[in-house]
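>>> below: sequence and its predicted model.
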Amino acid sequence: MNLPQWNKRALWIGLIAIIAMGGYFGQVAWQTQRGEAALKATALEFLPLEQALGVAKAQGKPVLVDFSAIWCPTCRVLHAEVFTNVIVKRAITTGFVLSRVDYESPEARAFMQRYAVQGFPTLLVLSSDGQLLRRVPVSFDPAIFAATLGS
């Protein structure tokens with residue numbers, strides 16, 4: 001087939017675009033799968049925010065909100081290396097009701113605006129009526145993180 005030069009270029013550009021899009025979507029799917037596995041490995045119960053606020057009110061505890069993205073590598077490290085630690089898990093389960101707001105969720109935009117969240121991972125402690133009590137600094141050292149939760 002004898003295509004004009006511009007048609008050959010258009011075909012190559014289209015082929016490169018398809019390969020790039022496939023690579024992008026494949027990467028997102030892989031990162032998402034890894035993020036889901038990291039969350040599962042924590043064996044913690046992450047409640048939706050509204051449900052967590054209700055449970056917190058009934059239990060007289062504050063809510064620890066984990067604002068993250070399932071595909072975020074830094075969030076995955078926090079979940080896999082910190083939230084799986086026995087001391088951290090004990091600090092979370094005894095002192096807080098745990099919630100997770102995912103960046104891709106419908107409530108994320110309103111959550112980010114209400115609490116001035118600009119990135120992830122962001123950890124907040126809320127009262128049972130949703131008032132911000134404090135921001136928790138992210139530490140990847142489980143002992144430091146558990147101590148921070150206790151303060």
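Everything's here; your move.
>>> I'd like to know how far the most centrally placed residue in the chain sits from Phe46.
By Cα atoms, centre = their mean, the chain has its centre lying nearest to Ser68, at 2.0 Å. In this view, Ser68 and Phe46 are 10 Å apart by Cβ to Cβ, to the nearest Å. Heads up, the C-betas are built off the backbone N, CA and C, glycines and all.
>>> what touches both of these two?
Shared contacts of Ser68 and Phe46 (Cβ atoms under 8 Å, 6 or more residues apart in numbering): Arg100.
>>> thinking again about what came up before, any idea which element the residue lying closest to the residue nearest to the centre of the chain once chain neighbours are set aside lies in?
Using Cβ to Cβ, 6 or more residues apart in numbering and skipping the chain neighbours, the partner closest in space to Ser68 is Cys75 (3.7 Å). For Cys75, the host element (DSSP states H and E) is helix 73-77.
>>> contacts for that helix, please.
Contacts of helix 73-77 (Cβ under 8 Å, 6+ apart): 31, 34-35, 38, 68-69, 120-121, 140.
>>> following it, which helix or strand shows up next?
helix 86-95.
>>> what residues sit buried inside that following helix?
The neighbour-count check on helix 86-95 (16 or more other Cβ atoms under 10 Å) flags 88-89, 91-92 as buried.
>>> same thing with stretch 18-33?
Buried-residue list, stretch 18-33, by 16+ other Cβ under 10 Å: Gln31.
>>> for that stretch, what is the distance to the chain centroid?
19 Å (Cα atoms, centre = their mean, to the nearest Å).
>>> likewise for stretch 100-120?
10 Å.
>>> span of it from start to end?
With Cα to Cα, to the nearest Å as the measure, stretch 100-120 spans 12 Å from end to end.
>>> show residues contacting it.
39, 46-47, 49, 65-70, 72, 74-75, 124, 132.
>>> tell me how many other residues crowd Asp102.
22 (other Cβ atoms under 10 Å).
>>> how about it: which residues does it bridge to?
Beta-bridge partners for Asp102, by DSSP bridges, are Ser68.
>>> in what helix or strand does Arg134 lie?
strand 132-136.
>>> what about that strand, average pLDDT?
The average pLDDT for strand 132-136 rounds to 98.
>>> strand partners of that strand, parallel vs antiparallel please.
Strand 132-136 is paired, per DSSP bridges, with strand 122-126 (antiparallel).
>>> buried set for the strand it pairs with?
Buried, per 16+ other Cβ under 10 Å, within strand 122-126: 122-126.
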